[in-house]
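Q: After the sequence you'll find the predicted model.
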Amino acid sequence: MTTFADALKNPSSKKLVFVRFKLRMELVAWVAAPAAYAGIWYAGVTDIGDVLSIVEDEVTMTEAASLVVLDALDTSSIGGFFWDFTNNRIYVKPISDSGTDVYDFLYIALVLLPYSKHGGEYDSLPHTATVTSVPRVSLRVGEVFDGKVAQIGGGSIGMENADGLFVRDDVEIDGILEIIAGFETLGGV
Amino acid sequence: MVFDPSLSRSDTQKVGVWRLDSWRLSSPQATMRLKEIKTTLGNLPLAVFESDDFPNAGSGVLGSQIPNGFGIVKGATAYPINTISKLFKVVNHAVTSFQAFYDNEGTAITPDVIDLANGEFTYNAWDGTTELFADFTAPGENPVDCIKLLLTDSVKGANLPLSDLDTTSTGNKGFGANGARLEYVYGIEITTDDEAVEFPIGLYINDTKDIATWIQVVAAASFALVYVDITGLYQIKSWKPQVSEDLDEITDANLRSVIVTEIMAGDVLTRVTSKYSQNHGLEDFQTFTHEDSRMRQLRGLTQHKTLEEELPLSNRFGARYWAQRTVAMRGVPRRLLKLQVTQEMMLKEPGDYVRVNSSRHDIDEVFEVLEVTINPGSLAVSLKLIDIRGFSNDEGFWTSSSTAWDDTWTDAQKKLAKENSGFWSDDDNYIDKIDDPAQTYRASVWV
């Protein structure tokens, strides 16, 4: 199989650039799950690609693979969650040491917003082509050794916002941005 | 999550990670300003002697910062936190051991009770006024461990989560102290081999500088390279020159353009004084000075170009090593190369070594990478290289026992031998352990 390092050596490889935001989102608008799943609540979310983790009052919750698994999860010491990406819902089963009321806790989800420069699918997520410009990556240390923590230079990234996609107040701005490069010819496609 | 074989994570490469600083929204464009990951590092957690916790503290104690210590710390102030029970606190955390206790005249005292878990001791014979001090050892003696603690420790560090890539960690799904989910791995440990020598740290913190500054202080003293790589992970590398075998080679086929610059002798150093093993109570240092008169003459300097530096190092070996290496690194002009290269060089990182072999530009040398710049759209790459900071492949420090060495020589004979023949050192970096350390270790004449 072609590797990234191999593709780098091929000047004709078509380059793909993915941009992924990792942002914090406070979950507040809760709805009780159907009666069959007593003690479970869900919050509806829009325009997110994935839920990477959730903390319940600063304790990282256990991720369940389905609503049924979440229902069976022992949350006596740590709460659990299930990300239903089909219906854009985040289900939580709170830690059961204080009456299991979802409103007793603060829930912060780390969510992934996936975009790209030319469109494409990566890691089973569609990355919509809304990126208009990406910064140059510059990783450097000083000419005279001084121990300073060297890092990637700053910059800015431009995104299409004609449909108001980024006019949203449900996520906190202070997060992480990753840029991922790949080649369309990889993976046997 | 379902794995998509069409474009898997292993077939891609993260090329940049930033902290989002601010968004500027306008239709039809949104612009996000990006900042370095290290900007999430704030100040160290601040602990203060408060009256609620220390109701019987001595005068002048309340309101002071409770210090933290890493490695071997000398002369730390012992704060009287209970004048009735004569209890003293040295640091805000557990210590591995106390080595000595003494008063402000240097007279040794013997505490009645020693509490390692809280960094405290009780001294029943205290007269109520005399200042007391203690020497102690705490985790963080190795520079890499010290930097790790500055990043991860919840009491005296940034409390960042460990990476999944660090197999010793458990749990990595939380948020960092500053709201970002950060990860890091550790690079090469600073080892005790002859190419990367570990010298014990003695770092005492009793003010509120930010964490990045303290990391810089430790890294600079230990010649460690600390950076956040293109995947967003903190990396620590020891400075370790490499020879040309097995290095990636940049040839005329990879080169698009070359600019060669020489950093001239304007900032060349010929004398360095290391101030080390600080007695924090007396604000007093021990010092070691290394100078290179030959280089001063070669550079036409009428006086030495001097650097004096305070270092968190706890012994003379480390101070000497630092002074000599600094003179060697900054005692000669260096050459910089700025290259435009083909995209396969994009995975190089600071501290990597490459061999540039270009007949077109008449270059065949090993260089250290200072800077990598990538355009993520086109994957165009430019590199900034330096000629190993003043070192070349055949350069070295004096060392060990050679059959020609004779311990019965006079100091003058030894000095002559060192200056004109050269002896490689043993594991302690001495020509001979019984020699006067001030005379036995000097940079090679090959510099």
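A: Thanks, I have it.
Q: Please count neighbours and contacts with C-alpha atoms only from this point.
A: OK.
Q: any idea how far the residue in chain A sticking out farthest from the centre is from A:Leu73?
A: Using CA atoms, centre = their mean, the residue of chain A lying farthest from its centre is A:Val144. It sits 38.6 Å away. Distance of A:Val144 to A:Leu73, given as CA to CA, to the nearest Å: 56 Å.
Q: what does A:Phe85 give?
A: 20 Å.
Q: and what of B:Asn142?
A: 43 Å.
Q: so the closest residue to A:Glu143 other than its chain neighbours is in which element?
A: Once flanking residues are discounted, A:Glu143 sits nearest to B:Leu370: 7.0 Å by CA to CA, 6 or more residues apart in numbering or on different chains. Counting by DSSP states H and E, the element that carries B:Leu370 is strand B:363-375.
Q: Show me what the helix or strand just after that strand pairs with in its sheet, parallel or antiparallel.
A: Per DSSP H and E, strand B:363-375 leads on to strand B:380-386 as the next helix or strand towards the C-terminus. Here strand B:380-386 has these sheet partners by DSSP bridges: strand B:334-341 (antiparallel), strand B:363-375 (antiparallel).
Q: list the buried ones in the longest one?
A: Going back to what we said before, that points to strand B:363-375. Neighbour counts over strand B:363-375 (16 or more other CA atoms under 10 Å in any protein chain shown) mark B:Glu365, B:Val366, B:Phe367, B:Glu368, B:Val369, B:Leu370, B:Glu371, B:Val372, B:Thr373, B:Ile374, B:Asn375 as buried.
Q: Quick one: residues in contact with that strand.
A: Residues outside strand B:363-375 that contact it (CA atoms under 8 Å, 6 or more residues apart in numbering or on different chains): A:135-143, B:243-244, B:346, B:348-358, B:380-389.
Q: Show me which of those are buried.
A: Counted by 16+ other CA under 10 Å, the contacts of strand B:363-375 give A:135-141, A:143, B:243-244, B:346, B:348-358, B:380-389 as buried.
Q: Check which helix or strand the residue farthest from the centre of chain A maps to.
A: Remark: A:Val144 resides in no helix or strand, with elements defined by DSSP H and E.
Q: B:Met295: what's it in contact with?
A: B:Thr270, B:Gly331, B:Val332.
Q: ok, now with 6 Å
A: Contacts for B:Met295 (CA atoms under 6 Å, 6 or more residues apart in numbering or on different chains) come out as none.
Q: for chain A, what are the nearby residues on chain B?
A: For chain B, the contact set with chain A under CA under 6 Å from any CA of the partner chain comprises B:3-4, B:6-8, B:11-20, B:27-36, B:174, B:180, B:216, B:219-220, B:226-228, B:344, B:370-375.
Q: Return the subset of the residues you listed lying in strands.
A: B:13-20, B:29-35, B:226-228, B:370-375 (DSSP state E).
Q: Near the residue nearest to B:Thr326 when sequence neighbours are not counted, how many other residues are there?
A: Spatial nearest neighbour of B:Thr326, excluding adjacent residues (CA to CA, 6+ apart): B:Val272 at 7.2 Å. By other CA atoms under 10 Å in any protein chain shown, 24 other residues sit near B:Val272.
Q: B:Ala76: how many residues sit nearby?
A: By other CA under 10 Å, the burial measure for B:Ala76, its neighbour count, is 25.
Q: In which helix or strand does it reside?
A: Going by DSSP H and E, B:Ala76 is part of strand B:68-82.
Q: Please apply the same query to B:Arg325.
A: helix B:316-330.
Q: Next: A:Ser76.
A: For A:Ser76, there is no enclosing helix or strand under DSSP H and E.
Q: doesn't A:Thr62 make contact with it?
A: No. In this structure A:Ser76 lies outside contact range of A:Thr62 using CA atoms under 6 Å: 11.7 Å.
Q: and the two? which has more neighbours close in?
A: Each of A:Ser76 and A:Thr62 has its neighbours counted (other CA under 10 Å); A:Thr62 has more, 21 against 12.
Q: now the more buried one: how far from chain B?
A: 10 Å (CA to the nearest CA, to the nearest Å).
Q: residue contacts, the residue nearest to that residue when sequence neighbours are not counted?
A: Leaving aside its chain neighbours, A:Thr62 sits nearest to A:Gly80 (4.4 Å; criterion: CA to CA, 6+ apart). Applying CA under 6 Å, 6+ apart to A:Gly80 gives the contacts A:Met61, A:Thr62, A:Glu63, A:Val92, A:Lys93.
Q: and of those, the nearest to chain B?
A: Checking the contacts of A:Gly80 against chain B by CA to the nearest CA gives A:Met61 as the nearest, at 8.6 Å.
Q: check contacts around that closest one.
A: A:Met61 neighbours (CA under 6 Å, 6+ apart): A:Ile54, A:Val55, A:Gly79, A:Gly80.
Q: can you do 7 Å?
A: With contact taken as CA atoms under 7 Å, 6 or more residues apart in numbering or on different chains, A:Met61 is in contact with A:Ile54, A:Val55, A:Ile78, A:Gly79, A:Gly80, A:Phe81.
Q: Find the pair from those residues with maximum spatial separation.
A: A:Ile54 and A:Ile78 (11.5 Å; CA to CA).
Q: Same drill for those two, tell me which one is more crowded.
A: Remark: of A:Ile54 and A:Ile78, A:Ile54 carries more neighbours, 30 against 17, as counted by other CA under 10 Å.
Q: Which residue would you name as the spatial centre of chain A?
A: Nearest to chain A centroid, counting by CA atoms, centre = their mean: A:Leu112, 1.7 Å.
Q: my guess is that residue meets A:Gly49, correct?
A: Yes. A:Leu112 is within contact range of A:Gly49, at 5.3 Å (criterion: CA atoms under 7 Å).
Q: Which residue is the nearest non-sequential neighbour of B:Asn315?
A: Nearest residue to B:Asn315, sequence neighbours excluded (CA to CA, 6+ apart): B:Ser277, at 6.0 Å.
Q: ignore the last one, A:Ala33
A: Nearest-residue entry for A:Ala33: A:Trp41, 5.0 Å, with adjacent residues in sequence omitted and distances by CA to CA, 6+ apart.
Q: residues near the one you found, how many?
A: A:Trp41 has 21 neighbours, counted by other CA under 10 Å.
Q: swap in the one 10 residues further on?
A: Using other CA under 10 Å, A:Val51 has 22 neighbouring residues.
Q: How about residues contacting the host helix or strand of it?
A: If you go by DSSP H and E, A:Val51 is part of strand A:50-56. Residues outside strand A:50-56 that contact it (CA under 7 Å, 6+ apart) are A:60-61, A:83, A:105-112, B:173-174.
Q: with the contacts of A:Gly80 in mind, which one is nearest to B:Gly119?
A: Nearest member of those to B:Gly119, counting by CA to CA, is A:Met61, at 34.9 Å.
Q: Show me the shaky parts of chain A.
A: Applying pLDDT under 70 to chain A flags residues A:1-5, A:7-14, A:97-100, A:151, A:163-165, A:167-174, A:184-189.
Q: Please, where are all the helices along it?
A: Taking DSSP state H as the criterion, chain A carries its helices at A:4-8, A:67-72.
Q: Now tell me what touches stretch B:352-362 from outside.
A: By CA under 7 Å, 6+ apart, stretch B:352-362 touches B:242, B:244, B:247-252, B:363-369.
Q: Ok, stretch A:69-76 next?
A: By CA under 7 Å, 6+ apart, stretch A:69-76 touches A:Tyr37, A:Ala64, A:Gly80, A:Phe81, A:Phe82, A:Pro94, A:Ile95, A:Ser96, A:Asp97.
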